[in-house]
Structure formats: structure tokens, C-alpha cells
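Student: Fold the following and give me the result.
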Amino acid sequence: MKMNIANIPIKELFAPERGCPLCRMEEMLEEQYVTFITGDAMMEPSVRVATNKKGFCHRHFSRMAQLGQRLPNALILETHLESVMENYLPKKTGGKPDKKKLAEIREMLGTCYVCDRVEADMFHLASTTFNEWVKDEEFRNTYRTREFICLKHYQFILSAAMGKGGMPSKYLGDFYNDTATLTKKYMETVYGDIKHFVSMFDYRNRDKEWGTSVDAIERSIEFLTGEKPTVEQQLEL
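Tutor: Okay, here's the model as predicted:
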């Protein structure tokens, strides 16, 4: 069983004016894959072989536990733990540590089934975005009037635009200008709000209004990382 991303509506992802549309794209893919893995794909042999070998990063283990039922999560962990014990841990202890095995563990811990699938699909959806931008003037206007492209996805979308299957060279300069303008303008906004937030702790400004700086920390983190702080993190901030 395979997921089909061909019919994902790019225009719907870009429709909301607020936020980063590429963050929405990535979040949608993450949720679909996490739901897929802890659902129908749990018993799919090819998927289980891949998840046993790669495992998941902390973020996606957490999302699986949050979105999936406990039994599917336990079954996935059962065979992944068996794979780790079989392939990475020593049959007998004693002697010197196996440097090769330690290097293999380090490499395995840096892999994640969901991350890999999401990354591949992000590039496919980026290609669709480029096609829409080239052929549809209305979508082009929508793209350039979004609130912002976060720093993480600014790097991603421009790298994809310059790569294989990216933006045709005759349009690359205009696409770069639209994207850089969105990112730069918003960065200047959050920087100004952060500076104002800091200034409000000066007793000389005690009578001034906080204005839009009240959530400047949260918006700056979202812009820089592509992720909104959790409720717990926001309470700490």
C-alpha cells in the first residue's frame, strides 16, 4: 500500500494568508504518514522492514504515540527493538567496545522513516508548486502575498528551485525575489517586535504599549525553526 501525494491540493495549502504555507505542507505530510504507519501500513511487510531498520526520531515517535493507538505503537516498537538487539548490541559482553558497531548505532539513530518519506514528498510537492507558479498567474499572486516563508523553508524551497526538477531558469529570478521578499520582510517584522519586547523591560518605557511584541518570542521561534512552540514551552516563555 502506498500513499498518493499526486492529488494533494497545493492551492489549498497556500490559501490561508497567515503562517508559512510550506510549514502547513510539511505538517500535513507528517500527520498523514504517522497515521498511515500506525494504521493500515502497520502490517505491510515492506514498511515494517524499513521501520525496523531506520526507526524514528524523537519528534515522530512522540507524534506516533500521540496520534496512533497504543497496540500498533507497541507492535512497531517490538520488532524495531528486536532489530536493534540483533544488529547493534553485542552477543557477549567483555573485551573492548566495537567501534564499528558504535558508529553504526550513531548512524541508525540519525535516521527516521517518517523524516525520509516527508523529505522526499516535500520535493515532489515543491515541483508541483513550481508548475503552478509558472502556469497560473492567480497562484503566483497568492504566493507572493502570503504572510511569510519561514527560514527553514526559505532554504528548502530555493534549494529545490535550483535543483533537478526545479524552477525553469527563466523564472528563477522572479521566484527568488518573491520568496526572499516574503522572508526578509517578516524577519524584519519579528526583529522589530523582539527589540520592542526587550525595551519594555526598561523602566523608562513602563507607560508604553506592548503592541504586537507580546507574542514576539513565539513568532520568532516559529520563523527560525518552522515549528510553533508547544503549550508547555509557551508557558515557560
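Student: only C-alpha atoms for contact and neighbour calcs from this point on.
Tutor: Fine.
Student: ok, longest helix in the chain?
Tutor: helix 169-199 (DSSP state H).
Student: for the record, mean pLDDT for that helix?
Tutor: Mean per-residue pLDDT for helix 169-199: 96.
Student: Quick one: list the elements packing against it.
Tutor: Under the contact criterion of 3 or more Cα pairs under 8 Å, 6 or more residues apart in numbering; DSSP states H and E, helix 169-199 touches helix 137-144, helix 151-162, helix 216-225.
Student: Columns mean neighbour count, mean pLDDT and distance to Cys112 on top of the ones you listed, output as TSV?
Tutor: TSV is the format used below for those (neighbours: other Cα atoms under 10 Å; pLDDT from 0 to 100; distance: least, Cα to Cα, whole Å):
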stretch	mean neighbour count	mean pLDDT	distance to Cys112
helix 137-144	16	95	31
helix 151-162	18	97	19
helix 216-225	19	94	19
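Student: Between these, which one is closest to Ile76.
Tutor: Across the helices and strands packed on helix 169-199, Ile76 has its closest neighbour in helix 216-225 (29.0 Å, Cα to Cα).
Student: who touches the closest one?
Tutor: With contacts defined as Cα atoms under 8 Å, 6 or more residues apart in numbering, helix 216-225 is touched by 149-152, 187, 190-191, 193-194, 197, 227-229, 234, 237.
Student: again with stretch 68-82
Tutor: Contacts of stretch 68-82 with the rest of the structure, by Cα under 8 Å, 6+ apart, involve 34-35, 38-39, 42, 48, 51-53, 55, 64-65.
Student: By the neighbour-count criterion, which of these qualify as buried?
Tutor: When burial is judged by neighbour count using 16 or more other Cα atoms under 10 Å, the buried members of these are 34-35, 38, 42, 48, 51-53, 55, 64.
Student: Need the max-distance pair from those.
Tutor: Distance extremes for the buried ones among the contacts of stretch 68-82: the farthest pair is Thr35 and Lys53 at 19.4 Å, using Cα to Cα.
Student: Spatially, what comes nearest to Leu22 if we skip its sequence neighbours?
Tutor: His153 (6.4 Å; Cα to Cα, 6 or more residues apart in numbering).
Student: Now do the one you found against Tyr88, distance only.
Tutor: From His153 across to Tyr88, the span is 35 Å (Cα to Cα, to the nearest Å).
Student: before we move on, the earlier item: okay, who's weakest in the buried ones among the contacts of stretch 68-82 by pLDDT?
Tutor: Least confident of those in the model: Met42, at 73.
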